[in-house]
Structures are given as structure tokens and as C-alpha cells.
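> sequence and predicted structure, then a few things I'm wondering about:
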Amino acid sequence: MKFSENSDQAADYLRQAVPTMVKHDIVPNPLNYTLWYSYFSNAFPHLNKELDQVIERYNTCPPEVGERLFIDHISKIESSGEQKLEGFQKAFSNMVSNLSESLDETAKQTTGFSAALKSNLNRLGELDLDESVSPVLAELNANTNAICNANEEFQGQLSAAQTEINSLKSELEKSRREANTDPLTGLYNRRVFESNYNQFIEASDDNDDLAIIIMDIDKFKVFNDTHGHLLGDQILKFVGQLLQQECSDPIVPVRFGGEEFALLCPKFQLEDAHKVAENIRVKLASIPFSNKRTGKKIPPVTASFGVALKKSEDVLTSIVERADQALYAAKNAGRNQVKLAS
């Protein structure tokens, strides 16, 4: 699905959507804004056809019908399309931001128009006018008051919708963070790793270096069996904090899963990535740990590392595979060391 990323165009869609909702007595909530924004952006042609039929039949869009149309045409994502889901989230977040900006601008404009109209009528009332004009002026004044009252009521609805939209923006941002972040360590997850890799490849040329480091905590299953999963989780959290401290931009540390971590190192040569991995290895191995519950010291926690440099014919999976092979070589050589892929 596609929504406009142009604020002026988004505002134009909203200027068409708002009067339509008012005309057909449709509640201005985020769901309905989304439907009618989509209608005027022509993002979903089949939605437009069904909305036309609904308006023709009911002269409005009943809430239950609006919810069904939203689910059928806007929120339905193919189960296999994770990339489509990510695109939908980005587009919907952008659309919500545009709605928020456009609503604010609409509220300012309509308030200004109402104030100007009242001021003009008051000035007319102060003039010495012909008696034949007085009834027309009185009627115009009554109609103006009715318009202004209706506008104030609509402003209240806009304000409520604005609050809902701001809440929706916060929820969208929270969902995006949760979708991209490992909840235990606070590091990004594999999804971000792959996304950042693709962005780098799209923006770079064949001469740009890129290295990948795969890191695995040594004998972690034995550690969990000996000290318990709660303490094991604390170690994983600490490793996440260590990686965040030691990895400055442009390095992206992520948790691959379990006790395995990965570092994406754009514009790094193999030797530079080796230094990063060695620095993390030494610092982790030198940190004393103890069981807070028993007070007993815990043997040093170590990790093994595999480092691979992207070759011209490589795709992401092949770089990761070579880094994994180097990691297994480090494990087989006695653990707590860094090996470079050939």
C-alpha cells in the first residue's frame, strides 16, 4: 500500500475528507480519517467502490461497516509478507503524522474564518443601514451564529480526534520499537540487522568494505544448567550493555538469538573488525561475576568470535555463513578467541 509522503498532498486529501465526513455525519475518529484519507488518495480502488456503495445505501458509513472496510482493505496483510508489513507500518505512521499536522492546520483555519465572519457582521451592525436591509442582516447574523456554533462543535470533535491520533502515533512508535528490539538485552534484533545491511548495499558501491562479527558465549548451556536461567538472563543483559558501550556508530550490534550476537560493521576492513572483536572479548573475559543470591564467585564468562569480510559476489547469508565457520573454528581451537574467515 502507498500513502503520500508529501505534506501538501496529504493536507489536500484531508481537506476533501473532512467535509465528506461532516456531510454524511461520520464520526471524525482515526479509523474514519484513515478510510476517507485512503479514499481520496485512491490507495485502495476496491475500497473506494465499496464506500461509494455504502454512502449510496445509507447516506453515511455505519461504524460496523467502517470497521469491516478498514480490516478488509487496509489492515489485511499477507502472512508471508513481512516486508509488506514493515512498509505498511511505515506508510501508516507517515499518514498518521500527516493527519495530525493537517488537522492542526484545519482547526486554525476554521477558527480564523469564524472569527473574521463575526467581526465583519458586527461592523455591519454598527452602520446606519436601510430598514429593508435589517431583516436580511438579522437572518445572516442568525445563520452565521449557527455556522459558528456548528464549527465550535466540530472543533471539539477535531480536538478529540487529535488526541486519539497523538495516542495512535505513540502506540505506532512503541510497536515499531518492540518489533525491532530484543526485549531481554535491549539490542536490535535480526530484522534490523538485515534491514541495515540492505540499506548499506543500496547506498554503497562495490569498493565499500563491510565486515560482520558473529559472537557466541562459550558453554552457555552448561552455565544455565549450573547457575540457573535467571542468572543466565542477567549475563545476556550484561553482554547487551557491553556491546552497546563498546560499539560506536556505524557499528550495529544485534542479538541473533539465544547466546549468539552479531555486529554489522559498515566500511570496516577485516583487520579493523578483528580489533573490535578482540577488544570485546578481552573486556568480557576480565569482568568478575558473582551470584548475588549466594555471594559465590562465578568463573569468567567468555565468548568466541568469527569475523568475515564481504566479497564482491557475497550476499548476506554467505557472509554470515563464513563468519559462523570462523566462529566454529574459534570454538574448536579452545574458545575465548577471535578467528578470521578466509
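Sure thing, it's come through. Computed from a predicted model, the values in this text were never measured in an experiment.
> burial of P45, as a residue count?
Around P45 there are 8 other residues, counting by other Cβ atoms under 10 Å. Heads up, the C-betas are built off the backbone N, CA and C, glycines and all.
> now swap in the one 5 residues further on and tell me
Residues lying near E50 (other Cβ under 10 Å) number 17.
> what does D182 give?
18.
> what's the closest non-adjacent residue to E260?
Nearest residue to E260, sequence neighbours excluded (Cβ to Cβ, 6 or more residues apart in numbering): D216, at 4.9 Å.
> next, that neighbour: secondary structure please.
Secondary structure, DSSP: H, G, I helix; E, B strand; the rest coil: D216 is strand.
> and L140, by the same measure?
helix.
> repeat for P300
coil.
> A285 is in contact with that one, correct?
Yes: using Cβ atoms under 8 Å, P300 is in contact with A285, at 5.3 Å.
> thinking again about what came up before, correct me if wrong: the residue nearest to E260 contacts E259.
Yes: counting by Cβ under 8 Å, D216 does reach E259; the two are 6.0 Å apart.
> quick one: buried residues of the helix or strand hosting R191?
Using DSSP states H and E, R191 falls within helix 190-203. Within helix 190-203, the residues scored as buried using 16 or more other Cβ atoms under 10 Å are V192, F193, N196, Y197, F200, I201.
> just the mean pLDDT for that helix, thanks.
Helix 190-203 carries an average pLDDT of 91.
> other SSEs contacting that helix?
Under the contact definition 3 or more Cβ pairs under 8 Å, 6 or more residues apart in numbering; DSSP states H and E, helix 190-203 sits against helix 133-180, strand 252-257, strand 260-266, helix 316-332.
> 7 Å - rerun?
Packing partners of helix 190-203 (3 or more Cβ pairs under 7 Å, 6 or more residues apart in numbering; DSSP states H and E): strand 252-257, strand 260-266.
> so which elements touch the first one?
Taking 3+ Cβ pairs under 7 Å, 6+ apart as the contact definition, the neighbouring helices and strands of strand 252-257 are helix 190-203, helix 229-246, strand 260-266.
> touching the shortest one from outside, list them.
With Cβ atoms under 7 Å, 6 or more residues apart in numbering as the contact definition, strand 260-266 has outside contacts at 193, 196-197, 200, 210-216, 239, 243, 247, 250-256, 273, 276.
> quick check on those: which are buried?
193, 196-197, 200, 210-216, 239, 243, 247, 251-256, 273, 276.
> what about the residue nearest to the spatial centre of the chain, distance to Y188?
For the chain, the residue nearest the mean C-alpha position is R176 (3.7 Å; Cα atoms, centre = their mean). Here R176 is placed at a distance of 12 Å from Y188 (Cβ to Cβ, to the nearest Å).
> what of I287?
For I287, the distance to Y188 - Cβ to Cβ - is 23 Å.
> quick one: which of those two has more around it?
Counted by other Cβ under 10 Å, I287 and Y188 do not tie: Y188 has more neighbours, with 20 against 10.
> please name the bridge partners of the more buried one.
T181, V254 (DSSP bridges).
> from now on call the first residue 538
Got it, the first residue is 538 from now on, which makes the last one we talked about Y725.
> circling back to that earlier point, what sits against the residue nearest to E797?
Per Cβ under 7 Å, 6+ apart, neighbours of D753: E796, E797, A840, S841, L864.
> not counting sequence-adjacent ones, nearest residue to the fourth one?
Spelled out, it's S841. Nearest to S841 is A867, by Cβ to Cβ, 6+ apart, at 3.9 Å.
> ok, that neighbour - how many residues close by?
Around A867 there are 25 residues (other Cβ under 10 Å).
> the bottom helix or strand of this protein by mean pLDDT?
helix 619-663 (a mean of 61; mean pLDDT, DSSP states H and E).
> quick check, V844 in a strand?
Yes: if the criterion is three-state DSSP, then V844 is within a strand.
> counting neighbours, what do you get for it?
V844: 30 neighbours (other Cβ under 10 Å).
> repeat that for P565.
19.
> A strand includes it, no?
No: going by three-state DSSP, the assignment for P565 is coil, not a strand.
> what's the distance between it and Y574?
Applying Cβ to Cβ to P565 and Y574 gives a distance of 11 Å.
> likewise D851?
Counting by Cβ to Cβ - D851 and Y574 are separated by 42 Å.
> okay, these two: which has more neighbours?
Y574 (24 against 17).
> need the three-state assignment for the more buried one.
When the rule is three-state DSSP, Y574 gets the label helix.
> cool, D851 as well?
coil.
> report pLDDT for it.
For D851, pLDDT reads 90.
> what sits against it?
D851 neighbours (Cβ under 7 Å, 6+ apart): none.
> give me phi/psi at it?
Note on D851: its backbone torsions stand at phi -70, psi 150 [degrees, to the nearest 10].
> now I817: which helix or strand?
Using DSSP H and E, I817 falls in helix 807-822.
> tell me the gap between stretch 725-733 and the middle of its chain.
13 Å (Cα atoms, centre = their mean, to the nearest Å).
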